[in-house]
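# What would the 3D arrangement of this be:
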Amino acid sequence: MPILFLLIIPSSSIVNSVKGQTDSLDFRFHALTEGQCLIAYGGIGPGVPDPMIWSGLGDGLAMVSGYATDATAFPSTVAGLYISENIRAMGAVSVRWTEADGSKHRLAVVVYSTETSEGLFSPSENQFELSIPEHSSPDRFIMFKGVYVNGSKPVGINGIALFSAGLLGPAPDSIAVWLVDAQSETLFFIGWSRAGTPTPFPPGYVPAAKVYKSLVKIT
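Numbers count the residues shown, from 1 in each chain. The predicted structure follows:
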């Protein structure tokens, strides 16, 4: 079900002129969310885990902060989007969940940019996306590393990541993270909603997050 990988069209009009007709812009960005979330994992997509091993409700948090320089207008049907090929970002994701068989799971990773990572920004909507799946080659994605625990067995995981605050996800005002583990070739999808939203697979509905913040500031 590719719905989770579609670009969400902002509900309000975004003007093309920001700070006048500048050739490029610099941004600082930040996102933070905490509470119940949709967790799904399985084979590598596209978009969502396929084949799906498990999906359901979990609980945890995600955060990222950083800056982007020399951002230029991104060619899109959505006005007011800017792409930067020079971003610096650092964040973390920590979630836990219990499956139907009673097994307890936990995932804790850091996400970070590299010298070639890129991002997409909508300053008027305070939305952004680190890694651009339909535009970026794998070397331009952000990365992650950390631990996945199934029961009492911890396993190191690492690979490419995508962190979206508002631009991708099951509905507007979603913070979503995609993690592709290079060793097991497993895709983990984790998503939070500002106001609560239906999902196309279990659990069927994700409640509103306890905390939801997203900011893009022109510097």
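# Leaving out the residues flanking it, which one is nearest to residue 98?
Among residues not flanking residue 98 along the chain, residue 104 sits closest, at 5.3 Å (C-beta to C-beta, 6 or more residues apart in numbering). For glycine as for every other residue, the C-beta is placed from the backbone atoms N, C-alpha and C.
# That neighbour: what's it in contact with?
Residues in contact with residue 104 (C-beta atoms under 8 Å, 6 or more residues apart in numbering) are 96, 97, 98, 151.
# same deal with residue 66?
Residue 66 touches 28, 29, 87, 88, 89, 90, 91, 113, 130, counting by C-beta under 8 Å, 6+ apart.
# Recalculate using a threshold of 10 Å.
Contacts for residue 66 were tallied using C-beta atoms under 10 Å, 6 or more residues apart in numbering; they are 27-31, 87-91, 112-113, 117, 119, 128, 130, 142, 163.
# Which residue is the nearest non-sequential neighbour of residue 64?
Nearest non-adjacent residue to residue 64 (C-beta to C-beta, 6+ apart): residue 91, at 2.9 Å.
# strand partners of the host helix or strand of residue 62, parallel vs antiparallel please.
Using DSSP states H and E, residue 62 falls within strand 52-73. Sheet pairing here is set by DSSP bridges, and for strand 52-73 it gives strand 25-42 (antiparallel), strand 82-84 (antiparallel), strand 86-98 (antiparallel).
# Distance of the residue nearest in space to the middle of the chain relative to residue 133?
Among the residues of the chain, the one closest to the centroid is residue 163, at 2.5 Å (C-alpha atoms, centre = their mean). Going from residue 163 to residue 133 by C-beta to C-beta, to the nearest Å gives 12 Å.
# List the residues that are in contact with both of those two.
With C-beta under 10 Å, 6+ apart, residue 163 and residue 133 have common neighbours 141, 178.
# Can you pull out the low-pLDDT segments for this structure?
The chain contains residues with pLDDT under 70 at 1-22, 169-172.
# residue ranges for the strands of it, please.
Along the chain, the segments classed as strands by DSSP state E run 25-42, 52-73, 82-84, 86-98, 104-112, 119-122, 127-130, 142-150, 153-165, 174-181, 186-193, 197-198, 205-206, 211-218.
# CA atoms of the longest one as PDB?
Extracted as PDB, the C-alpha positions of strand 52-73 are listed here (Å, rounded to 0.1, in the frame of the first residue of the first chain):
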ATOM      1  CA  MET A  52       4.700  -7.300   6.200                       C
ATOM      2  CA  ILE A  53       6.000  -9.300   9.300                       C
ATOM      3  CA  TRP A  54       4.100  -7.300  11.900                       C
ATOM      4  CA  SER A  55       2.200  -4.000  12.300                       C
ATOM      5  CA  GLY A  56       0.500  -2.400  15.300                       C
ATOM      6  CA  LEU A  57       0.700   0.200  18.000                       C
ATOM      7  CA  GLY A  58       3.900   1.000  19.800                       C
ATOM      8  CA  ASP A  59       5.000   3.900  22.000                       C
ATOM      9  CA  GLY A  60       8.100   6.100  21.900                       C
ATOM     10  CA  LEU A  61       9.700   9.200  20.600                       C
ATOM     11  CA  ALA A  62      11.500  10.700  17.600                       C
ATOM     12  CA  MET A  63      13.500  13.900  17.300                       C
ATOM     13  CA  VAL A  64      15.900  15.600  14.900                       C
ATOM     14  CA  SER A  65      17.500  19.000  14.700                       C
ATOM     15  CA  GLY A  66      19.900  20.600  12.300                       C
ATOM     16  CA  TYR A  67      20.500  23.200   9.600                       C
ATOM     17  CA  ALA A  68      20.500  23.500   5.800                       C
ATOM     18  CA  THR A  69      22.400  25.900   3.600                       C
ATOM     19  CA  ASP A  70      22.100  27.100   0.000                       C
ATOM     20  CA  ALA A  71      18.600  25.700  -0.400                       C
ATOM     21  CA  THR A  72      17.000  26.500  -3.800                       C
ATOM     22  CA  ALA A  73      13.500  26.200  -5.200                       C
END
